[in-house]
Every structure is written in structure tokens, then in C-alpha cells.
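**Student:** Compute the structure for the input listed below.
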Amino acid sequence: MLGKEVGTREMQAVLFLALLLCLTSSQAAPQWIASFLNTTERARCEAFFAHNNPAGSIVWCEHHTIVYNPPSMKPYEPHFGEKQVLRIMAQARDTHDHALLVHLDQGSLHSTNLFPHITVFCGPETGIYGAVYSNVLWERFNDDTPLIITRNADGYPTSTSLSTGKPHWNGALPDFLSKQYPLPGNATYPATKGMVQVFEPSHEVSFHTIVCLDSQWDGDNCNVQK
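**Tutor:** Numbers count the residues shown, from 1 in each chain. From the prediction side, this is the model:
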């Protein structure tokens with residue numbers, strides 16, 4: 001009887017571990033799909049835009065997020081490996097972040113972000129200045145500066161301008177209550193200083209990118225088999 005009980009307990013332990021492994025594996029890390037810059041295009045991005053970065057800042061110039069953690073990959077899988085061309089319409093920066101507002105010139109897969117962008121650098125801070133802050137950055141410039149973003153019928157940004165008629169604006173950004181990424185307890189993002197620059201069509205820069213799943217991008221190629 002004792003041997004039989006031990007065997008039963010061992011089997012129960014094995015089943016429990018199998019169930020635990022199944023539950024753990026089902027809680028997969030978030031995945032995201034982006035249009036990635038390869039080594040050559042990242043170097044171009046840094047050469048054009050990564051100037052006078054704050055001390056300790058982290059240079060990205062790496063990707064343009066299309067969708068974060070989609071419920072299904074199937075609608076996006078046919079696009080993996082697709083080549084895109086992103087046109088830079090404006091750049092904005094504050095003391096925490098620097099991002100480029102983009103328009104999809106070539107390609108069929110648009111970003112789900114209200115402000116499609118490439119992050120040039122972010123500061124070493126975490127918390128409220130984490131990965132999503134570049135979205136908030138454009139939201140604050142859209143709401144609290146002379147920046148005008150023109151959108152097409154589908155809601156995608158197509159051009160930018162400043163109500164001042166000038167290509168640059170520098171100034172103070174007040175405390176900000178984000179509608180996209182609200183902080184707990186309706187807290188506001190602290191006031192800061194910022195700069196925005198809009199580009200004339202003749203001075204716009206474009207980057208060639210490749211659509212891929214983040215976990216399958218090796219820095220130059222999308223390693224997803226279609």
C-alpha cells in the first residue's frame with residue numbers, strides 16, 4: 001500500500017508541475033510588431049537627429065511601433081518582411097525624450113498609435129518616463145504648443161506646421177494630464193521645457209524599414225518564416 005501511495009503522490013506531483021508549467025507558459029511576455037530600421041538606417045537616423053543628447057540618455061533610432069500586444073498575430077503575419085518607407089514630418093523633444101513624427105509613404109500596414117513615431121532617445125528614468133512616454137510627448141506638443149498636425153480621412157497624420165509660421169518652437173510645457181496614458185489618481189506629468197521642429201517637404205528625411213515581430217528581428221533581418 002505504501003508503495004502505491006508513493007506512486008500516486010509522485011504522479012500528482014508530476015501533474016501539478018505540468019499544470020504549473022502550462023499556466024506559466026500561457027502568460028507569455030507581451031509581443032509587438034514594428035517597422036524596424038536596419039544597421040544602415042539606424043546610423044542615418046543617429047547622424048541626422050541624435051545630437052546633443054542629455055547625459056545618460058539611451059539612443060534608440062530603432063523602430064516605429066505598429067501594434068503592441070495584438071490579440072491575434074494572423075492579420076499581421078502576411079506583412080512580416082514587408083518593406084516600408086517612413087517620412088519624417090517633425091521632431092519633438094523635451095528633457096526626457098526625443099521622437100520623430102512619421103508618415104507611411106510606402107507600405108500597407110499603418111501604426112495603431114495616434115502619433116506614429118520613431119523614438120530617437122529616451123532618458124535613463126523609468127516610471128512615468130518609460131517606453132510609452134514618447135506617445136505622451138507628442139500628445140503634449142499637440143495640445144499645448146503651436147504645432148498643427150493635419151490628418152487624412154482615416155486619421156493618419158499627413159503633414160505638420162506651426163501656427164507661428166516658423167519652422168521651430170521652443171518653450172515651456174505645462175503640467176499635463178494625458179488622455180492616452182493617464183497616470184494613477186489623475187496625476188499630471190510635470191512641467192518641462194521642449195522644442196519642436198516641422199520640416200518642409202524639400203527638407204524631409206525618409207527611412208527604409210522592415211515590418212517584423214520584435215522577437216524575430218535580429219537587427220538587420222526579419223527571421224519569421226512566412
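
**Student:** quick one: average pLDDT of stretch 106-115?
**Tutor:** The average pLDDT within stretch 106-115 is 96.

**Student:** repeat for stretch 172-186
**Tutor:** 96.

**Student:** Check the offset of it from the chain's centre.
**Tutor:** Between the centre of stretch 172-186 and the centre of its host chain there is 18 Å, according to Cα atoms, centre = their mean, to the nearest Å.

**Student:** Tell me how far Thr145 lies from Leu137.
**Tutor:** 11 Å (Cβ to Cβ, to the nearest Å). Glycine gets a C-beta too; all of them are placed from N, C-alpha and C.

**Student:** Name the residue in these two with the higher neighbour count.
**Tutor:** Using other Cβ atoms under 10 Å, the more surrounded residue of Thr145 and Leu137 is Leu137, with 29 against 20.

**Student:** so what's that one up against?
**Tutor:** 92-94, 96-97, 99, 194 (Cβ atoms under 8 Å, 6 or more residues apart in numbering).

**Student:** that older thread, shared neighbours, Thr145 and Leu137?
**Tutor:** Joint contacts of Thr145 and Leu137 (Cβ under 8 Å, 6+ apart) are Gly194.

**Student:** What residues sit buried inside the longest strand seen in the chain?
**Tutor:** Under DSSP state E, the strand in the chain containing the largest number of residues is strand 83-94. Neighbour-count burial for strand 83-94 flags 84, 86-94 (criterion: 16 or more other Cβ atoms under 10 Å).
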